[in-house]
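**Student:** What shape does this take:
(chains A, B, C and D)
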Amino acid sequence: MVKLRYFAWVRERIGKAEEDIVLPAEVMSVRDLLLWLKERDEGYANALQHPEAIRVAINQEHADHNEPVGSAREIALFPPMTGG
Amino acid sequence: MVKLRYFAWVRERIGKAEEDIVLPAEVMSVRDLLLWLKERDEGYANALQHPEAIRVAINQEHADHNEPVGSAREIALFPPMTGG
Amino acid sequence: MSARIEPIVRVQAEDFDAAQEIARLTAGRTDIGAVVTFSGLCRDENGALSALELEHYPGMAEAEISRIANEATERWPLTGLTVIHRYGMMRPGDNIVLVVAASSHRQAAFEAASFLMDFLKTRAPFWKREHRADGTPGEWVAAKEEDDAAQARWR
Amino acid sequence: MSARIEPIVRVQAEDFDAAQEIARLTAGRTDIGAVVTFSGLCRDENGALSALELEHYPGMAEAEISRIANEATERWPLTGLTVIHRYGMMRPGDNIVLVVAASSHRQAAFEAASFLMDFLKTRAPFWKREHRADGTPGEWVAAKEEDDAAQARWR
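**Tutor:** Alright, predicted model coming up:
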């Protein structure tokens, strides 16, 4: 079980800020996760239509799309940051 | 007649902050001025022993050693600046 | 070179006071020659913006800013470093972000503050959304390629 | 790009208040995204300094700083620029110089403030003399080659 968190327009398109989810065994990497989520429904598809543009943090640290999701407690998906 | 002004250790070595002086006709450039002043007495010689290190302003604008002293109203001699 | 200092990092809804933060880094010290302060403000160029809303990732925002700030203290000989980033609703003219970098030398203070801002823009988990003056819901601000380029120059 | 602004330049014995100078540039405005402030302080690394005395060339100091500040407003799209340089006797920890550069963009504000400082160091007619803690007369501070190099990078 992993907590997924969504921010900014990713959150809006998916329609929730977070959810607890059990990932299937074939979801090994961040990229796998994005492609798997994208198939869930129209909201996810809309949020993740350009998965390469989505930024990801595992346990509150930036992670690239090749990284394994492993035994992450928390994975966050969000657009490129625009703070500062 | 030109007003000469001296600052920092140039002022201290020459022993005065300013003086009005009539320059001889052969003093054409800033460099001429430095070499001519240097011969005046020990204080000037001490202040201007390395004339190339002396910075000069004509009418309160930086001037290089090739510039003509022309009809300057005010010429200032000082060490490299250390403000800021 | 002095020992590595511990940066002050705050993520908060409330406004901040740059003067107070500068004073906090410099009070009672005589080894600081240079303090560079960056204040980022909510800007409205053409009067069309009523507010900027800043969403953030609580927990990660503090952690990521601390990582960036610690990297700065390793790269430059700083005598003090403060980073404050606000979240919530900002009106044009309001403060958004503050970086104060103190050092014995000006170049270190300038570079560290500039580095911090480039990394905050591209790595700190904050997202800006516009609220328009005419009441219509605004857009999420798009990330700028020039910000990625600005970050890349520190590599 | 906004019209070229008129820099505020002051050469004075009195202390200044950075917060007040920042407020003066930003109050009531919504077009400023970035304010970079440089404060230069009297520094005493090893406790041997009782004061720094700053001699200046009255008249030329203001004129030269204004020339440098005007050049900055031509090179960068600034929305405000303030430069204050003190003269007289400074104790360790005292303010010596302040540059505040405001712009809609952070890079312009950073570069303009850094440019100002590099040129103030090498072109503004001020000279620092140390006064030692043990009462002996100190030395005139020597100009640094690194300051000339810092200035040269803007050519």
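**Student:** so where's chain C shaky on pLDDT?
**Tutor:** For chain C, applying pLDDT under 70 flags the ranges C:1-3.
**Student:** residue boundaries of the helices in it?
**Tutor:** According to DSSP state H, chain C carries its helices in the segments C:18-26, C:60-75, C:106-123, C:145-152.
**Student:** Tell me if the last one is near chain D.
**Tutor:** Yes: with C-beta under 8 Å from any C-beta of the partner chain as the criterion, chain D is reached by helix C:145-152 at C:Ala150. (Glycine included, C-beta is placed from N, CA and C.)
**Student:** What are the contacting residues of that helix?
**Tutor:** The contact list for helix C:145-152, computed with C-beta atoms under 8 Å, 6 or more residues apart in numbering or on different chains, reads C:118-119, C:121-123, D:107.
**Student:** And these, which two are furthest apart?
**Tutor:** In these, two members sit farther apart than any others by C-beta to C-beta. They are C:Arg123 and D:Gln107, at 17.3 Å.
**Student:** residues near C:Gly80, how many?
**Tutor:** Residues lying near C:Gly80 (other C-beta atoms under 10 Å in any protein chain shown) number 22.
**Student:** I meant C:Pro77, not that one.
**Tutor:** So C:Pro77, with other C-beta under 10 Å, has 17 neighbours.
**Student:** Hmm, C:Ala109 and it touching each other?
**Tutor:** No: judged on C-beta atoms under 8 Å, C:Pro77 makes no contact with C:Ala109 at a distance of 9.8 Å.
**Student:** now the helices of chain C in CSV, with mean neighbour count?
**Tutor:** Shown next, in CSV, are the helices of chain C (neighbours: other C-beta atoms under 10 Å in any protein chain shown):
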stretch, mean neighbour count
helix C:18-26, 17
helix C:60-75, 19
helix C:106-123, 24
helix C:145-152, 14
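**Student:** What pLDDT is listed against the single nearest residue of chain A relative to chain D?
**Tutor:** Of all residues in chain A, A:Gly84 sits closest to chain D, at 8.0 Å by C-beta to the nearest C-beta. Looking at A:Gly84, its pLDDT stands at 93.
**Student:** Count residues in the vicinity of it, would you?
**Tutor:** Using other C-beta under 10 Å: A:Gly84 sits among 23 other residues.
**Student:** which residue packs closest to the residue of chain C most remote from its centre, ignoring adjacent ones?
**Tutor:** Distance from the C-alpha centroid of chain C peaks at C:Asp134, with 29.4 Å (C-alpha atoms, centre = their mean). Among residues not flanking C:Asp134 along the chain, C:Ala48 sits closest, at 7.7 Å (C-beta to C-beta, 6 or more residues apart in numbering or on different chains).
**Student:** Could you give the number of residues near the one you found?
**Tutor:** Neighbours of C:Ala48 (other C-beta under 10 Å): 11.
**Student:** How about the one 5 residues further on?
**Tutor:** Burial measure for C:Glu53: 16 neighbouring residues, criterion other C-beta under 10 Å.
**Student:** ditto for A:Ala53
**Tutor:** 11.
**Student:** Does A:Asp20 touch A:Val2 like I think?
**Tutor:** Yes: taking C-beta under 8 Å as the definition, A:Asp20 is a contact partner of A:Val2 at 7.3 Å.
**Student:** what about the two, which has more around it?
**Tutor:** A:Val2 (19 against 8).
**Student:** I'd like to know how far the more buried one sits from chain C.
**Tutor:** 15 Å (C-beta to the nearest C-beta, to the nearest Å).
**Student:** ok, for A:Glu74, nearest residue in space, not its chain neighbours?
**Tutor:** A:Lys3 (4.6 Å).
**Student:** Test my guess that that neighbour contacts A:Asn59.
**Tutor:** No: look at A:Lys3 against A:Asn59 with C-beta under 8 Å: they stay out of range, at 10.0 Å.
**Student:** Much appreciated, bye for now.
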